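Undergrad: fold the stuff below for me.
(one chain, ligands or ions: 2)
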Amino acid sequence: MSRFHALIPAAGSGSRMGGIQPKQYLDLGGRPVIAHSFAALSRDTRIDRLVVVLSPGDAWWDGYDWSAWQERLHILRCGGVTRAETVLNGLEAMAGWCAADDWVLVHDAARPCLPAAALGRLLDEVASDAVGGLLAAPLADTLKRADADTRVEATVPRAGLWQAQTPQMFRHGQLRAALRTAGADMTDEASAIEQLGLRPKLVESDSRNLKVTYPQDLRLASLILEHLHD
Ligand code: CTP
Ligand code: MG
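TA: Numbering: from 1, shown residues only. Ligands and ions are numbered 1, 2, ... in the order given. Have a look, this model is predicted:
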């Protein structure tokens, strides 16, 4: 039986958020953003381990109490310059104890409001899939393509368009091979798998599973968390 591991890239600096503290450590309802991501992932008992990849120079991690996840948490300090590099370094470090066909669910540290039902759906729908898949939300807004003067050049039909989220779930061996050949600037795992000519499965999620990117997202995440388990 293949096992399920979560891999949480947490080596970013949060430049769009501003400030000196990386956004994964910012306070959200009394605990750091990343603690909510751990809580969401560990709520599903099928997930075996939470592997977190920190930047080698991370000076923040040790200042918090992680004992709530002690048994399942595996800490790596091998983050890279880009997200793709961080994920690949994490996968390489896992290779010693992780089987090639074990599932790895890569989930952004900065995505604290992952609904339990969406995570459950991803595991249910992808566990028997040949390729793997990701949570994504069908686009709700009308899309415009801008020209160089920031004027509308075209309206892009939104039918069939989805916003990629995380977790993104692929087999350890295949994802490692895909990321080794893809460039370090891939912004998600699915893109690397697509470059192999494979077609990841889209599993429906919604806008609550937002990535905290800009300062205003933190307040929004706080409001979402208040009602996430209603
Ligand atoms: N990440 C990482 N290693 C990097 C860059 C990003 O592990 N070299 C992680 C972040 O910590 C975050 C996730 O990837 O959990 C999503 O990336 P993003 O939202 O872009 O975070 P940052 O890169 O930290 O933010 P910014 O792009 O605004 O600097
Ligand atoms: Mg980034």
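Undergrad: what's near enough to touch the residue of the chain positioned farthest from its centre?
TA: In the chain, counting by C-alpha atoms, centre = their mean, Asp149 sits farthest out from the average C-alpha position, at 33.9 Å. Residues near Asp149 by C-beta atoms under 8 Å, 6 or more residues apart in numbering: none. Where you see a C-beta, it was placed from the backbone N, CA and C, and this is true even at glycine.
Undergrad: need the pLDDT of it.
TA: We have a pLDDT of 98 for Asp149.
Undergrad: what segments of the chain are helices?
TA: Here the chain has its helices, by DSSP state H, at 33-42, 83-94, 116-126, 172-181, 189-194, 215-227.
Undergrad: nearest to ligand 1, out of those helices?
TA: Nearest of these to ligand 1, taken as C-beta to the nearest ligand atom: helix 83-94 at 3.6 Å.
Undergrad: for that closest one, which positions count as buried?
TA: Using 16 or more other C-beta atoms under 10 Å as the burial criterion, the residues of helix 83-94 that qualify are Arg83, Ala84, Glu85, Thr86, Val87, Leu88, Asn89, Gly90, Leu91, Ala93, Met94.
Undergrad: just these that are near ligand 1?
TA: When contact is defined as C-beta under 6 Å from any ligand atom, the buried residues of helix 83-94 meet ligand 1 at Arg83, Thr86.
Undergrad: mind putting the buried residues of helix 83-94 into JSON lines with distance to Ser42?
TA: JSON lines is the format used below for those (distance: C-beta to C-beta, whole Å):
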{"residue": "Arg83", "distance to Ser42": "22"}
{"residue": "Ala84", "distance to Ser42": "25"}
{"residue": "Glu85", "distance to Ser42": "26"}
{"residue": "Thr86", "distance to Ser42": "21"}
{"residue": "Val87", "distance to Ser42": "20"}
{"residue": "Leu88", "distance to Ser42": "24"}
{"residue": "Asn89", "distance to Ser42": "23"}
{"residue": "Gly90", "distance to Ser42": "17"}
{"residue": "Leu91", "distance to Ser42": "20"}
{"residue": "Ala93", "distance to Ser42": "20"}
{"residue": "Met94", "distance to Ser42": "17"}
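Undergrad: out of the buried residues of helix 83-94, which is nearest to Lys144?
TA: The closest of the buried residues of helix 83-94 to Lys144 turns out to be Arg83 (C-beta to C-beta; 27.2 Å).
Undergrad: run through the bridge partners of the closest residue in space to that closest one that isn't next to it in sequence.
TA: Once flanking residues are discounted, Arg83 sits nearest to Pro9: 5.5 Å by C-beta to C-beta, 6 or more residues apart in numbering. Pro9 forms beta bridges with Val53, as assigned by DSSP bridges.
Undergrad: returning to what we had before: how close does the residue farthest from the centre of the chain sit to Asp141?
TA: Asp149 sits 22 Å away from Asp141, going by C-beta to C-beta, to the nearest Å.
Undergrad: the helices of the chain into CSV, with extra columns for mean pLDDT?
TA: Listed next are the helices of the chain as CSV, based on pLDDT from 0 to 100:
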stretch, mean pLDDT
helix 33-42, 97
helix 83-94, 98
helix 116-126, 98
helix 172-181, 97
helix 189-194, 97
helix 215-227, 96
